[in-house]
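Asker: 3D model of this:
(chains A, B, C and D)
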2 protein chains.
Amino acid sequence: MSIKERKERDRQEMQKNILEVASKMFLEEGYDKTSIRNIAEKIEYSSGTIYQYFKDKDDIFLTIHRQAFDKLFAEFIQLNDIEDCVEKLYRLGYIYIKFALDNPQLYDLMFIMHAPMNALKDDLWDCGHSSFDFLYDLVNECIEKKRIKMHDTQATTMLIWGFVHGLVSLHIRNRYKMIDPERVEPTIFQALDEMMEAIKSPLTPEGGTKIQI
Amino acid sequence: MSIKERKERDRQEMQKNILEVASKMFLEEGYDKTSIRNIAEKIEYSSGTIYQYFKDKDDIFLTIHRQAFDKLFAEFIQLNDIEDCVEKLYRLGYIYIKFALDNPQLYDLMFIMHAPMNALKDDLWDCGHSSFDFLYDLVNECIEKKRIKMHDTQATTMLIWGFVHGLVSLHIRNRYKMIDPERVEPTIFQALDEMMEAIKSPLTPEGGTKIQI
DNA sequence: TGGATAATTAAACAGTGTTCAATATTTTTG
DNA sequence: CAAAAATATTGAACACTGTTTAATTATCCA
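Answerer: Alright, predicted model coming up:
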């Protein structure tokens, strides 16, 4: 039986290898400019071999896509020991933005890139859902406890996600050309602060929980 | 001199023709899936001819890009007869979102697409600047009159732009898979309402200017 | 060692952006 | 009007792309 096990190991090894190389190339050069031939060349196999391990180019993309979501969600879960929901919301925004700024190409691949919509359709549901639910539940808690001024959970979830996504994606796609490059990232975090200040309820039931940065 | 004039007319005619066809194809199929050969075929010329009128594929893209910004800015200017700055801000957000939802592919091309970053760099400055200034000045007015709760104009401009951009771009790039498709667009507008309610100052100097939708 | 099985390859197909020598058209000049 | 100069257009060529497939090579089991 050990031959079969070794074969399976070899197979996974190869798959991991392809993913690592492809990932690096996707993030460095973008989806379109990364060719199967280039990936094959880098792993020192012919291009046809790739198709033994992945259905097509999209399949490679989707695998990386899924892994990236796991990585982000793992950061979210760490927030669970914060009990104050508004601070948790702030920290969530902070982590989201930080993740995007630290991994711009990965973020691009997750939320902006527009590569394989054919297959992405089901995949995104699985991937984004746990993160979306995490935000949704948190927003719901904030609204129920009247800690933020909003009323509708769905709209507010969208509002907050849209807000942080907008901030970082305009940056990633280089649309802040009218702002001093040095000031862009600080201003993004400043915008998050202003936002949080604006949306939280003025009435603080348990004696004013000020958000610490 | 009329021969030269006619030649110039013909040239512009041809250029317009190419732009119209290319624009339609970019918006329908995307930048990458639109080929010079296809454009040439549609205007019934050979592919080489295109290069007589445009430097390269990016040059065509950038021309359309510029025109799209003019179109959006034209819609902004119409807001100038609204005197209440907070309502003007709301209307600006509304128009921005409406523009994006009505022209998703055009919006994509303007703010999301990631085609010719080499040449886009200077172009974007010209294009986006007038619209950005429009928003910046408006936000500044709202802050100075203490009609919204924010303090820093730059951060707030970014906040608002990021907010509306995030809302629509997640939609355009199909990342709202976890929300009932029928409800997405209404919820986007609902999010805008919640946002405006949240950021405007509670103190209304001249007797409560309620925003009319 | 031989036969089966699986992995790998190279060539082929139809497509891409772009360039350029050759051809066709139009304008200017004699 | 005809020849020459200028301009416009073409189509083939180049170096790429993703993907398929027949042929080859390597590995495993009896």
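Asker: List the residues that contact the closest residue to A:Lys145 other than its chain neighbours.
Answerer: In this structure, A:Lys145 finds its nearest non-sequential neighbour in A:Cys85, 6.4 Å apart by CB to CB, 6 or more residues apart in numbering or on different chains. To be clear about C-beta, it is placed using only N, CA and C from the backbone, and glycine gets the same treatment. Counting by CB atoms under 8 Å, 6 or more residues apart in numbering or on different chains, A:Cys85 makes contact with A:138, A:141-142, A:145, A:147.
Asker: at 10 Å instead, please
Answerer: Contact criterion CB atoms under 10 Å, 6 or more residues apart in numbering or on different chains gives A:137-145, A:147-148, A:209 as the residues in contact with A:Cys85.
Asker: Quick one, which of the residues you listed are buried?
Answerer: A:138-139, A:141-143, A:147-148 (16 or more other CB atoms under 10 Å in any protein chain shown).
Asker: before we move on, the earlier item: return the member of the contacts of A:Cys85 nearest to B:Asp59.
Answerer: Lowest distance from B:Asp59 to the contacts of A:Cys85 (CB to CB) belongs to A:Val139, with 45.1 Å.
Asker: end-to-end on stretch A:163-182?
Answerer: Distance between the two ends of stretch A:163-182: 21 Å, counting by CA to CA, to the nearest Å.
Asker: what does stretch A:70-83 give?
Answerer: Termini of stretch A:70-83 sit 23 Å apart (CA to CA).
Asker: contacts for it?
Answerer: Here stretch A:70-83 makes contact (CB under 10 Å, 6+ apart) with A:87-92, A:94-96, A:98-100, A:103, A:106-107, A:110-111, A:127-131, A:134-135, A:138.
Asker: which of those residues count as buried?
Answerer: Among the contacts of stretch A:70-83, those buried by neighbour count (16+ other CB under 10 Å) are A:87-92, A:94-96, A:99-100, A:103, A:106-107, A:110-111, A:127-128, A:131, A:134-135, A:138.
Asker: Show me which residues of chain A are close to DNA strand C?
Answerer: Taking CB under 7 Å from any atom of the strand, the part of chain A that reaches DNA strand C is made up of A:7, A:11, A:14, A:45-49, A:52.
Asker: Nearest to A:Lys177 among those?
Answerer: A:Lys177 has its nearest neighbour among the residues of chain A next to DNA strand C in A:Ser47, at 38.3 Å by CB to CB.
Asker: Now the closest one. Its backbone dihedrals?
Answerer: phi -60, psi -30 (degrees, to the nearest 10).
Asker: mind listing what it touches?
Answerer: Shown in contact with A:Ser47 (CB under 10 Å, 6+ apart): A:35-41.
Asker: If we ignore the residues flanking it in sequence, what's nearest it?
Answerer: Nearest residue to A:Ser47 in three dimensions, chain neighbours excluded: A:Ala40, at 4.2 Å (CB to CB, 6+ apart).
Asker: care to break chain A down by domain?
Answerer: The domain map for chain A lists A:1-54, A:61-199, with the assignment taken from automatic domain parsing.
Asker: Deepest-packed of these, please.
Answerer: domain A:61-199 (a mean of 18; mean count of other CB atoms under 10 Å in any protein chain shown).
Asker: Please see if that one touches DNA strand D.
Answerer: No - under the criterion of CB under 7 Å from any atom of the strand, DNA strand D is not reached by domain A:61-199; the shortest gap measures 8.6 Å.
Asker: now that domain, how far from the chain's geometric center?
Answerer: From the chain centre to the centre of domain A:61-199 is a distance of 7 Å (CA atoms, centre = their mean, to the nearest Å).
Asker: Mean confidence (pLDDT) on it, please.
Answerer: Averaging pLDDT along domain A:61-199 gives 88.
Asker: got it, and stretch A:33-50?
Answerer: For stretch A:33-50, mean pLDDT is 92.
Asker: go on, stretch A:17-28?
Answerer: The pLDDT scores in stretch A:17-28 average 90.
Asker: got a list of contacts for that stretch?
Answerer: Stretch A:17-28 is touched from outside by A:31-36, A:38-45, A:49-50, A:52-54, A:57, A:60-61, A:63-65, A:67-68, A:103-109, A:113, A:115, with contacts defined as CB under 10 Å, 6+ apart.
Asker: As a check, name the ranges of all helices in chain A.
Answerer: Counting by DSSP state H, one finds helices in chain A at the ranges A:2-29, A:36-42, A:47-53, A:57-77, A:85-102, A:104-107, A:117-144, A:153-172, A:181-199.
Asker: Let's see the third one as CSV, backbone CA atoms only.
Answerer: In CSV, the C-alpha atoms belonging to helix A:47-53 read as follows (Å, rounded to 0.1, in the frame of the first residue of the first chain):
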residue,chain,number,x,y,z
SER,A,47,2.7,22.8,-20.0
GLY,A,48,0.5,19.7,-20.6
THR,A,49,1.4,18.3,-17.2
ILE,A,50,-0.4,21.1,-15.5
TYR,A,51,-3.6,19.8,-16.9
GLN,A,52,-3.0,16.5,-15.1
TYR,A,53,-3.3,18.3,-11.8
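Asker: show me what contacts A:Ile97?
Answerer: When contacts are counted by CB under 10 Å, 6+ apart, A:Ile97 touches A:107, A:164-165, A:167-168, A:171, A:185, A:188-189, A:191-192.
Asker: That one and A:Ile160, how far apart?
Answerer: Distance, A:Ile97 to A:Ile160, by CB to CB, to the nearest Å: 12 Å.
Asker: Ok, A:Ile148 next?
Answerer: Between A:Ile148 and A:Ile160 the distance is 9 Å, computed by CB to CB.
Asker: Quick check: neighbours shared by these two?
Answerer: Shared contacts of A:Ile148 and A:Ile160 (CB under 10 Å, 6+ apart): A:89, A:139, A:142, A:196, A:199.
Asker: Just flag the most distant two among those residues.
Answerer: Largest separation among these by CB to CB: A:Val139 and A:Met196, giving 12.8 Å.
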